[in-house]
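In: A predicted structure for the sequence below; I have some questions about it.
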Amino acid sequence: MPRYLGVMSGTSLDGLDIALIDQQDRPHLLASHYLPMPPALRDELLALCAPGPDELARAALAERQWVELAAQGIGELLAAQGLTPADIRAIGSHGQTVRHEPARGFTIQIGNPALLAELTGISVVSDFRRRDVAAGGQGAPLVPAFHEALFDDGHTRRAVLNVGGFSNLSLIEPGQPVRGFDSGPGNVLLDAWIQRHQGVGFDRGGAWAVSGQVRPALLDALLGDPFFSGRGPKSTGRELFNLPWLDAHLQRLPALAAEDVQATLLELTARSIVDALQAEQSGTAELLVCGGGAHNDRLMARLAELLPACRVASTDAYGVPPDWVEAMAFAWLAHCCLEGIPANRPSVTGARGLRVLGAIYPA
C-alpha cells in the first residue's frame, strides 16, 4: 500500500502535526508525530497575519524556519518507524495560512514546498487551496471530502466538527453530496484571551471558562456579527475574528470579569456551531468532533447539552484520534492529487466544479 505523510499547522499555531497514512479502501493512520512551535516562530507567523513592514522578506525567512522544523519532524517520524524517504510516495503539506480572503480572490499559505522536497528527499504536494479559489470557491474548508471518505457509512446522518483555531462542519447525509463550511471561531479567541490574562497558551479542559458566567449582552453582541447569519459556502479566519474584534465589542459594554469573558467566548463557539448545524442539517444523529476542541471538556459537554437528541463524541470513538484528522487529510489530498482525483467539493466551497487540488514538487 502506498504511504503518504501529511503536515499540518493550523491557526492555533501550537505546533506541527505530522501523520503517516496508507491508502486502503479508506485512509489508515500508521503513525504520528508532533513538534511544538518555537515561540519566536509562532510570534512571527502571527504577526504576518496582519499588515506590517518588510512582509515579503519576513515571510520568506519564516517559511524557511517552518520548513526546517517540518523536515526535522519528518526525519524523526521516519526514523522511529524504521522507514526511509523511498518508502513514502509523497508529503501533503498544507503550509501555514497567513492570509485568507477569498472574497478578494486570494488565499496565502507559506511553506516553501521546493525546500521541503530538497530537505527530505520526498516529493511534496502543496498549495491545495488556490485552485479552488481560482474556480470561484472559498478554498476552505477542504476537509469535508476527507471526512466523507473516512466517516460516511451510507445510512447515518452525521456531522464532523473540526475545532481548531476556527470551527468547521462537514455535513454527511446519505445519498447527498457532502456539504461543509466554517461556522466561526473555535479556539482562536479563547486562546488569545487566556494568553492575554494568564500567560498560557490555552484553557485546559475549559476550566477557566467554567469558573466564569456567560454574559448575555456580550454573547448577543458577538453573535450579531453578519458572518453568523450567512449561509454556506463560507469561510473565515484571523482577518475577522481576533482580539481587536473582541475588544471593540467589550468597549461598548460595562467592564466584565476576565473569566466571564472566557465563559462567554466558549458559549460563542458552542452556540455558533449548534446554530449552524441546526440550520443546515436538522435531525443530525451523530456529531463527531476532532481537533484540539475535542479535549475541551466544557465545550464537549456544552455541545451535548445544546444537542440532546444527537450523539456527541470524539472521533476517537470511531478509531481516529482527533488530534491527527487534519494532518491525515492533507496526506490524503496528496494521494488524490497524484491520482488525478478531484478533492474539492463545490457543495462546500462554492467552486464552479470539481478540481484536482495541489501542485507537485518532485524529490
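Out: That came through, no problem.

In: End to end on stretch 213-228, go ahead and measure it.
Out: 22 Å (CA to CA, to the nearest Å).

In: should've said stretch 341-352
Out: Taking CA to CA as the criterion, the two ends of stretch 341-352 lie 16 Å apart.

In: can you map out the helices along the stretch 251-363 of the chain?
Out: 258-280, 297-306, 325-339, 346-349 (DSSP state H, counting those that start in this stretch).

In: Tabulate those helices (CSV), appending distance to S93, mean pLDDT and mean neighbour count.
Out: For every residue, glycine as well, the C-beta is placed using N, CA and C. Listed next are those as CSV, based on distance: least, CB to CB, whole Å; pLDDT from 0 to 100; neighbours: other CB atoms under 10 Å:
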stretch, distance to S93, mean pLDDT, mean neighbour count
helix 258-280, 28, 97, 22
helix 297-306, 29, 98, 18
helix 325-339, 7, 96, 26
helix 346-349, 20, 92, 24
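
In: any idea which residue of the chain is furthest from its center?
Out: No residue in the chain sits farther from the centre than P254, which is 33.7 Å out by CA atoms, centre = their mean.

In: now that residue: how far from W208?
Out: 21 Å (CB to CB, to the nearest Å).

In: do you know which of the helices of the stretch 251-363 of the chain lies nearest A90?
Out: Closest of these to A90 is helix 325-339, at 4.5 Å (criterion: CB to CB).

In: Just give me how far that closest one sits from the chain centre.
Out: 14 Å (CA atoms, centre = their mean, to the nearest Å).

In: Please shift the residue numbers so they start at 52 in all later answers.
Out: I'll keep to 52 as the first residue from here, and by that count the last item is helix 376-390.

In: thinking D178 is in contact with I159, fair?
Out: No: with contacts counted by CB atoms under 8 Å, D178 stays clear of I159, the gap being 10.1 Å.

In: Please say which of the two ends up with more neighbours.
Out: D178 (20 against 16; other CB atoms under 10 Å).

In: Now do the contacts for that one.
Out: G146, Q160, P164, G409, A410 (CB atoms under 8 Å, 6 or more residues apart in numbering).

In: ok, now C341?
Out: V211, L212, N213, V214, S365, T366, V371, P373, D374, V376, E377.

In: Assumed the second one was part of a strand.
Out: Yes: note on L212: a strand contains this position according to DSSP: H, G, I helix; E, B strand; the rest coil.

In: ok, what's across the strand from it?
Out: L220, V340 (DSSP bridges).

In: Could you do the fifth one as well?
Out: Per DSSP bridges, the residues bridged to S365 are V340.

In: do you know how far it is from Q160?
Out: S365 is 27 Å from Q160, by CB to CB.

In: More neighbours: these two, which one.
Out: Between S365 and Q160, counted using other CB under 10 Å, Q160 has the larger neighbour count: 21 against 18.

In: how about the nearest residue to that one, chain neighbours excluded?
Out: Using CB to CB, 6 or more residues apart in numbering and skipping the chain neighbours, the partner closest in space to Q160 is G146 (3.6 Å).

In: Tell me how many other residues crowd the one you found.
Out: As a burial measure, G146 scores 24 neighbours (other CB under 10 Å).

In: what does P164 give?
Out: The number of residues near P164, taken as other CB under 10 Å, comes to 22.

In: hmm, back to that, adding distance to I324, write the contacts of C341 out as JSON lines.
Out: Listed next are the contacts of C341 as JSON lines, based on distance: CB to CB, whole Å:
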{"residue": "V211", "distance to I324": "12"}
{"residue": "L212", "distance to I324": "6"}
{"residue": "N213", "distance to I324": "10"}
{"residue": "V214", "distance to I324": "8"}
{"residue": "S365", "distance to I324": "15"}
{"residue": "T366", "distance to I324": "15"}
{"residue": "V371", "distance to I324": "19"}
{"residue": "P373", "distance to I324": "15"}
{"residue": "D374", "distance to I324": "19"}
{"residue": "V376", "distance to I324": "16"}
{"residue": "E377", "distance to I324": "17"}
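
In: Can you tell me which of those are buried?
Out: Among those, those buried by neighbour count (16 or more other CB atoms under 10 Å) are V211, L212, N213, V214, S365, T366, V371, P373, D374, V376, E377.
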